[in-house]
Structures are given as structure tokens and as C-alpha cells.
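Participant: coordinates only, no sequence provided:
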């Protein structure tokens, strides 16, 4: 027995001994005797404990362990021997904290269920040979990166080691233990693939919209049998994937990415620069690792480094100025390993969406600074957007557009008042008038900011700060409301020049939409409500809205056919058969990487 087993036995012994003592105490209490253990009680307890310990040790020593080797004379005997060995392996896994040798078994319960169903027969080999499906499964696991998966999560190293033994030794091919272990590892690997492809690896959170979070043993059995009977692994696994267009586009770009990817470690270049000498040394080494520099020298010429940086910038379609600025260093530090993890995370995020997306919906990708209006898996409207700054990030959420407002007012949230307005008001009460804001009390009556003692407020104020409607309003001339606890919305902006910037994390949390007019027209065209004018006749909603915009009037327009809105955060997207990567502006993927894929 190993130390772990002995430790478990001793723990059980102590627990049972304590239970025995408690029983004796209660029995003694009923006799109205002292609760203090007498020597006789201790003696009885120790004797019982001794017999319990001996019983455990005896049962452990007589527990059937999986054999180390079981050689057969001819391949035909393998079909008889393997079921016996598989049964002993499954029993040993159960007794060894779900481990097979040093390998963790991820689906032990389902594994035992499946093998019990068919008398522990091998699923992937016959007469000391892989079946066609078994060989295909090994190949599938080896290439599982095409699904955003990591082969080593499915025992690929262990299976490959056994395969190498088969290739190098005729005696190994005759070993029923090796074939049995390989079969168990392959089945467990397949079960985990089914789970990861169907549900993903991320835990459910507040925005998860999947209705299923676990899979039944019967579901696993159905998929495994489908693969064995049809001999079509890829088709079966594909049927478990999300069908949303974004997922399929991302998956379509993986092969091209893998064909040119180099999964190796590169020197990290620290930025911003606090140590000039260390920065230069790291930059030189990093450029040398990808052969943009021909050699490593103690004191390279600045012109040599500049030339190497230009080569790198040219390859990565950056501005070729030879200066190692923030964008250049960001890409230098984003290696292919990190990029693949972003692909994996993005694919798993799609698995947290509903199994079937609505026919029409608005999709906002915060990391990509874009909005798409989807209709039957086609992009009807594409727009650049401005999203929240790092300190006032736009939240991920799901809702539906229920109202549009022409020439809206902006009521500044208290969080923004405390962070930005209050410090300025303490310095100059005229700040509000300068910026076009009004100060209102609880009765919506205007208050003169010069008659307020701003020094006594720290976390907020008992007033509202409102920016009147008009062309200078921060919300622009159209606002799209949808219910949410964060008080955010989509809207136009009076700072339309910001859409020309590459990085657009610049707002207080709401999403500014460049193509707001196209979105307005689409929503109106899909809403059958009519608005009666004050005069003769009637106007369609579209006619009325255009009229209000021309007159610069504020109006609320209810949206009866509500458009679902999904605001999400994806740092990798598929476009035209390739994968586009975005900055991890909120460090969300970095945190998810450390939580789920730290050892990858």
C-alpha cells in the first residue's frame, strides 16, 4: 500500500473511534453516570478501534489491484483478457481518487457506467490492433486545436507514449494492460471532449444564457455509440457545437492560424519603460528570437534596432517608424500561445449564449469596438462604436431595445458626478454653465451652483446634473433605451470625430454608435405602430421621427417589436476566413487565462 491509502485508512479509523466514544458517552449518560471516560471505557474503545484498523488493513491488502502486465500468446486472446483488465483498472481508478497511474481521470463516473453497459469490452481496439474508429479518435485528439481545445487535456501524451511502446516492441503489443489503459484513456478523453465542445470550460456567470449546465450519462453514451456505430467522429462532434455565425466564422479561421503559428515562448518586453537598459536588452533579445535581428551583441547600434523594429512593423501592418512604441510592444508581447488561448476563450464564450439565437438582434463586441445588427445570420448593419474607458467600463449584458428618444437629455449618473464633476465644482462652481449643464433639485427646479457649499460633499450630491437636449448634447440626437441595472444605453454622440480613432474605449460606460441613423431606420421599418398627428391624416413612425429630428424636438418612441441586444467581450473574431485579434482592453481575458488556462 502507498502512503495515500494508509493515510485514508487512518482517517477513517479516527472517525469511527470518535463515533464509538460518543455512543459510549450517550449510553453512560442514560445511566446517569459520569461523562468522564473510565479506564474500562477507554480500554473498550481502543480494542474496538484496533479491530476496525485491522479490518481496514485486511480489506485493503485483499483489494484487487490492476495488474502491471498481462501478456497474451496470440492476438485473439486479447479480446478475452482485456475486459478483465479494464474492470480492474476502473475499480482501481475509483479507489485511487480518480487517477490512473499519474493521470487524472476527468469523467470517472460516466466511464464506469459506459464500460459496465457492455461488459467492460474494449471500445477502440480488437485483437491487439486499433480499430479504424480508434485510430481516427487518436488523430482527432491530436488535432483538437481545430476546435479551440488543448490535446493534452484529453490524455494525448499518455496515449502517444503507449502508442510508441506498441511501435517499438512486439512484446508491448501483446500486453493486455497497455491496450486496456489506452482504451480507458481514449474513452475518458472523448467524454471530456464531448463536454468541452457542448458546454465549454467556463463556469456559468450572470450573463450565461444556456439552459443546460450538465450532461447526463445517457447523453454521453448516445454520443459515444453514435461515433462507434457511424465511425464519424468529426460529424458527431460538430453536431455538438454552437450554430451562431460568430462561432462558425471563428472556427473557420483556426486552421489558417495554426498553419503559421509558432507555439514557443518569447522574451517579454516590459512596457512602459522604467528600466531603460533592461528594456533595450529585452527588446533586442525578442527581435532576435524571430530573426528580425541577425545576432545578439552587447551594444547594438541604435540604427540596427530601428531597422529590425521596422521589419517587424512591416510584417504586422503597423506604422513603419522604427520606434518601439506601445502598439509595437503590445504585439511583440502577444505571442501565438496567448492568441490561441484567446481563441479558446472566445469559442467558450459563444457556448454561454442560447442554443438558438433570435432571428434579429444587435450584437456589440466591446473589445472589437463594433456593433452588428444580425438578421438570419447575415450582417444587416455594421457600425463602429465607442465604449467605456477602463475605469468606467461598459458592462456585458443582455436586454432588448424598448424605446428611442429624439434629442434626449443626459442625466449624469452619480458615479460620474462623484468622480469627475464634484472635483471641478469645488474648484469652480461655474464649471456646469461652461459645459452646458444645469443643476436641479428633487423637484426638478434649477439651483444656482454658486449658492451650494460643495466642500461638504465627497461621495455624491443631493442634486441632479442634466445636460439639455441639442446638437451639443453628449448623447447626440438619438438614444436607444433597453432595461438594465447599469443605466447604460446606445446613443449618438456630439463627438463623432472619435470614431476615426483605432482604440475607442473613451466613454463613461454607454455605447456610442456611429451608424445610429441606420439602426433607427431599421428599428422603425420593423415596427408596425403608427402615430397619430395633431392635424388631419396620420404619419408612419418613420415620417414622424424624421420630422422631429429636423425640428430638433424631444420625443419618446416606444418600440413594440423589441430588438434583443447582446453586449459581449470577445478579443478574437473570425472575418473572411481568418482570425482578427483585439486588445484585451479590460484585462478580462488575462484574468480568465490565469483562472482556466494558467498551465497551457
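Facilitator: Okay, I see it. Please read these numbers as outputs of a predicted model, since none were measured by experiment.

Participant: residue ranges for the strands of the stretch 201-350 of the chain, please.
Facilitator: In the stretch 201-350 of the chain, no segments count as strands under DSSP state E, counting those that start in this stretch.

Participant: now the helices for it?
Facilitator: Using DSSP state H, counting those that start in this stretch, the helices of the stretch 201-350 of the chain run over 217-230, 233-238, 245-252, 254-260, 276-289, 302-315, 326-333, 336-350.

Participant: deepest of these, which one?
Facilitator: Greatest average neighbour count among the helices of the stretch 201-350 of the chain goes to helix 336-350 (a mean of 22), per mean count of other CB atoms under 10 Å. Heads up, the C-betas are built off the backbone N, CA and C, glycines and all.

Participant: what sits up against it?
Facilitator: With contacts defined as CB atoms under 8 Å, 6 or more residues apart in numbering, helix 336-350 is touched by 145, 147-150, 200-202, 242, 244, 246-247, 250-251, 254, 257, 261-265, 568-573, 579, 581, 584, 589, 592-593, 596-597, 600.

Participant: which of these are buried?
Facilitator: 145, 147-150, 200-202, 242, 244, 246-247, 250-251, 254, 257, 568-573, 579, 581, 584, 589, 592-593, 596-597 (16 or more other CB atoms under 10 Å).

Participant: on that earlier part again, would CSV of the helices of the stretch 201-350 of the chain with mean pLDDT and distance to residue 431 be doable?
Facilitator: Shown next, in CSV, are these (pLDDT from 0 to 100; distance: least, CB to CB, whole Å):
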stretch, mean pLDDT, distance to residue 431
helix 217-230, 96, 62
helix 233-238, 97, 59
helix 245-252, 96, 43
helix 254-260, 96, 50
helix 276-289, 93, 40
helix 302-315, 93, 42
helix 326-333, 90, 32
helix 336-350, 96, 41
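
Participant: is it true that residue 525 touches residue 559?
Facilitator: No: shown here, residue 525 and residue 559 do not form a contact pair, counting by CB atoms under 8 Å, at 11.8 Å.

Participant: out of those two, which sits in the busier spot?
Facilitator: Each of residue 525 and residue 559 has its neighbours counted (other CB atoms under 10 Å); residue 559 has more, 20 against 11.

Participant: would you confirm that that one contacts residue 404?
Facilitator: Yes: here residue 559 reaches residue 404: they are 6.4 Å apart, a contact under CB under 8 Å.

Participant: residues shared between the contacts of those two?
Facilitator: The contact sets of residue 559 and residue 404 overlap at residue 523 (CB under 8 Å, 6+ apart).

Participant: and the end-to-end length of stretch 569-587?
Facilitator: Chord length of stretch 569-587, first to last residue, is 11 Å (CA to CA, to the nearest Å).

Participant: next one: stretch 494-503
Facilitator: 18 Å.

Participant: next: stretch 297-304.
Facilitator: By CA to CA, the extent of stretch 297-304 from end to end equals 11 Å.

Participant: in the stretch 451-600 of the chain, where is pLDDT below threshold?
Facilitator: Low-confidence segments of the stretch 451-600 of the chain (pLDDT under 70): 528-541.

Participant: quick one, helices of it?
Facilitator: 516-525, 541-551, 588-596.

Participant: from the ones you listed, which stretch is densest packed?
Facilitator: Neighbour counts (mean count of other CB under 10 Å) averaged over each of the helices of the stretch 451-600 of the chain peak at helix 516-525, with a mean of 18.

Participant: run the angle between that one and helix 541-551 for me.
Facilitator: Counting by axes from the mean of the first three to the mean of the last three CA atoms, to 10 degrees, helix 516-525 lies at 150 degrees to helix 541-551.

Participant: which helices and strands sit right next to helix 516-525?
Facilitator: Applying 3 or more CB pairs under 8 Å, 6 or more residues apart in numbering; DSSP states H and E, we find helix 516-525 packed against strand 370-375, strand 378-388, strand 397-406, strand 478-481, strand 490-491, helix 541-551.
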